[in-house]
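Undergrad: Quick one, structure for this:
(one chain, ligands or ions: 2)
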Amino acid sequence: MSEIFVQPVIIAGMNKTVANYDYAMSELEALVEANHMEAALRIDQNLEKPNPATFFGKGKVVEIKEMAEAKELNIMIVNADLTPSQIRNLETETGLQIIDRTGLILEIFGNRARSKEAKLQVKIAQLQYQLPRLRTSISNRLDQQAGAAAGGGGGFTNRGSGETQLELNRRTIQDRISHAKHELKELNKDEEVRRAQRDKAGLPNVALVGYTNAGKSTTMNGLVKLFGKGEDKQVFEKNMLFATLDTSIRQLTFPDNKQLLLSDTVGFVSNLPHNLINAFRSTLSEAANADLLIQVIDYADPHYKEMMATTEETLKAIGVHDVPMLYAYNKADLTEANYPNQTDDQLIYAAKDEKSIQVLTKMIKAKVFKDYITTTLLIPFNDGDVVAYLNDHANILKTDYLADGTQLTVELNAVDAQRYAKYIVTPA
Ligand SMILES: Nc1nc2c(ncn2[C@@H]2O[C@H](COP(=O)(O)OP(=O)(O)OP(=O)(O)O)[C@@H](O)[C@H]2O)c(=O)[nH]1
Ligand SMILES: [Mg+2]
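TA: Ligands and ions are numbered 1, 2, ... in the order given. Below you'll find the predicted structure:
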């Protein structure tokens, strides 16, 4: 078995410029690990305001260079979004490769993307980030990644040659952005058709959202195992940041024939780069169009409250407002808490515990099926296909065979209630 090489790096931050600095640095460390690196050295600076040219102060920059040389480290990850010139100046003065927070997240997404759509979305975000940062090492790293993903040789040359080469590279990048956007648009056309078909079915949309690694995919699998149809419906779950980059949608059918669509999507982290949010807009739109959100929270993580705040901020950033939400405090098996334990819209649970999933199901159903109406239909024998449809798709409470047709007392969703309005029997 081949071991993946773990690159030792420096992580660095400026503590007065960030709220909740220690949490921000622990989050950065987790991101660093997700990128097959480890923080071999941590550098903090106490400055009110970053140096416009080099981010860190002059003395600190010298200190960084000396410490990096002593420990033979070549890469520094900075817990901030640096300007292109700060990256360039820091690289010149320390001799290190500098990666800022956004660059790091883009690299992780680049490693994780599997589907064509995810790859295109990440590529667009990476190229937009590279454009003003040509001639920095992070631009080269992202370019190598893109080249490798394209089977090698896909990249442009960026080897510090003259101004003309730089101009050429800029143009090449712009072309590649337009090309990728065009390809994505073509892909999304199919997706729009599928969405329209789903909307027509009138099924409620429920979306799992939350901080990365909270257990969204595991929760989806728990629900799919009980109420999904088909065996190959499980989604990928793994103990790593950003295991999921694509949206998966599954249909759940309950014993009373009520149905809904459940979607699982990319997880959040604080200050997700704007380029990425924009690029992932179509992936994230499932959450924006949902009738109900289930926010999955890693209740066993001491920072779960910060993670919830991050989720709220990210939902705002992608334009999700006023969607009802259930709060699902997951991984209770790793805590002292009793589970499953429901209070109003909150549930303490464990995604792999079937009893927990049953309670979560009850909570979801109470929310999304609350507008169902119970009504009585009289369906002439000639319209037997309607009876067959309702037997398959609705919760039939009573069936009577009368002289002029089949009379059903049935629970209906709004779409079906309208569709079959002409059969409704008005009580005498
Ligand atoms: N002990 C315990 N582990 C859990 C539970 N739910 C999920 N996990 C683990 O947490 C890790 C992350 O789970 P995922 O379901 O992949 O998390 P996610 O929210 O989909 O993460 P991303 O797709 O990366 O954003 C996996 O190793 C799961 O096995 C739980 O209830 N208890
Ligand atoms: Mg996932």
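Undergrad: Quick check: Val9 touching Glu33?
TA: No: contact between Val9 and Glu33 fails when scored by Cβ atoms under 8 Å: they sit 10.4 Å apart. Every C-beta, even on glycine, is put in place using the N, C-alpha and C of the backbone.
Undergrad: Looking at those two, which is more packed in?
TA: Val9 (23 against 15; other Cβ atoms under 10 Å).
Undergrad: Show the contacting residues for the more buried one.
TA: 32, 37-40, 73-77 (Cβ atoms under 8 Å, 6 or more residues apart in numbering).
Undergrad: Looking at those residues, spot the one nearest Val323.
TA: Distance to Val323, by Cβ to Cβ, is smallest for Val32 among the contacts of Val9, at 33.1 Å.
Undergrad: The closest one: how many residues sit nearby?
TA: Val32, neighbours per other Cβ under 10 Å, totals 23.
Undergrad: Would you confirm that it belongs to a helix?
TA: Yes: Val32 forms part of a helix when assessed by DSSP: H, G, I helix; E, B strand; the rest coil.
Undergrad: Let me see the contact set for it.
TA: Listed by Cβ under 8 Å, 6+ apart, the contact set of Val32 reads 9, 11, 38-39, 77, 104.
Undergrad: so which of the residues you listed comes closest to ligand 1?
TA: Leu104 (15.7 Å; Cβ to the nearest ligand atom).
Undergrad: how about the residues of this structure that lie near ligand 2?
TA: For the chain, the residues in contact with ligand 2 (Cβ under 5 Å from the ion) are 216-217, 243-244.
Undergrad: Which two among those residues are spaced furthest apart?
TA: Going by Cβ to Cβ, the pair spanning the residues of the chain next to ligand 2 furthest: Lys216 and Ala243, at 9.3 Å.
Undergrad: Between these two, which contacts overlap?
TA: Counting by Cβ under 8 Å, 6+ apart, the shared contacts of Lys216 and Ala243 are Gly267.
Undergrad: Give me the nearest residue to Thr283, chain neighbours excluded.
TA: Thr247 (5.1 Å; Cβ to Cβ, 6 or more residues apart in numbering).
Undergrad: And for that neighbour, the neighbour number?
TA: Neighbourhood size, Thr247 [other Cβ under 10 Å]: 21.
Undergrad: and if you look at Ala243?
TA: Neighbours of Ala243 (other Cβ under 10 Å): 19.
Undergrad: can you tell me which residues contact the closest residue to it other than its chain neighbours?
TA: Nearest in space to Ala243, with sequence neighbours left out and distances taken as Cβ to Cβ, 6+ apart, is Phe236 at 6.0 Å. For Phe236, the contact set (Cβ under 8 Å, 6+ apart) comprises 217, 243-244.
Undergrad: Need the single longest helix in the protein, by residues.
TA: Scanning the chain for the longest helix, with DSSP state H as the assignment, gives helix 163-201.
Undergrad: Check which helices and strands that helix is in contact with.
TA: If contacts are counted by 3 or more Cβ pairs under 8 Å, 6 or more residues apart in numbering; DSSP states H and E, helix 163-201 sits against helix 116-130, helix 281-288.
Undergrad: So what angle separates the directions of it and helix 116-130?
TA: Inter-element angle recorded for helix 163-201 and helix 116-130: 140 degrees (by axes from the mean of the first three to the mean of the last three Cα atoms, to 10 degrees).
Undergrad: strand partners of the helix or strand following helix 163-201, parallel vs antiparallel please.
TA: Of the helices and strands lying after helix 163-201 in sequence (DSSP states H and E), the nearest is strand 205-209. Within its sheet, and counting by DSSP bridges, strand 205-209 is paired with strand 259-264 (parallel), strand 292-298 (parallel).
Undergrad: can those strands go into JSON lines with extra columns for mean pLDDT?
TA: Compiled in JSON lines, these are given as follows (pLDDT from 0 to 100):
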{"stretch": "strand 259-264", "mean pLDDT": "93"}
{"stretch": "strand 292-298", "mean pLDDT": "98"}
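Undergrad: Identify each buried residue in the helix or strand hosting Leu104, please.
TA: Here Leu104 sits within helix 101-112, counting by DSSP H and E. The neighbour-count check on helix 101-112 (16 or more other Cβ atoms under 10 Å) flags 101-110, 112 as buried.
Undergrad: For those residues, give me CSV that also has distance to ligand 1 and pLDDT.
TA: Formatted as CSV, the buried residues of helix 101-112 follow (distance: Cβ to the nearest ligand atom, whole Å; pLDDT from 0 to 100):
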residue, distance to ligand 1, pLDDT
Arg101, 18, 95
Thr102, 18, 94
Gly103, 20, 95
Leu104, 16, 96
Ile105, 13, 94
Leu106, 16, 94
Glu107, 16, 94
Ile108, 10, 94
Phe109, 11, 92
Gly110, 15, 92
Arg112, 9, 89
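Undergrad: Go through these and name the one nearest ligand 2.
TA: For these, the minimum distance to ligand 2 (Cβ to the ion) is 10.5 Å, reached by Arg112.
Undergrad: and the closest one, what is it in contact with?
TA: 118, 242-243, 245.
Undergrad: measure Thr343 to Tyr329 for me?
TA: With distances defined as Cβ to Cβ, to the nearest Å, the gap from Thr343 to Tyr329 amounts to 10 Å.
Undergrad: Those two: who's more crowded?
TA: In this view Thr343 and Tyr329 are compared by other Cβ under 10 Å, and Tyr329 has more residues nearby, 23 against 8.
Undergrad: ok, now which ones touch the more buried one?
TA: Listed by Cβ under 8 Å, 6+ apart, the contact set of Tyr329 reads 297, 299, 304, 337, 346-349.
Undergrad: burial count for Lys258?
TA: Lys258: 20 surrounding residues under other Cβ under 10 Å.
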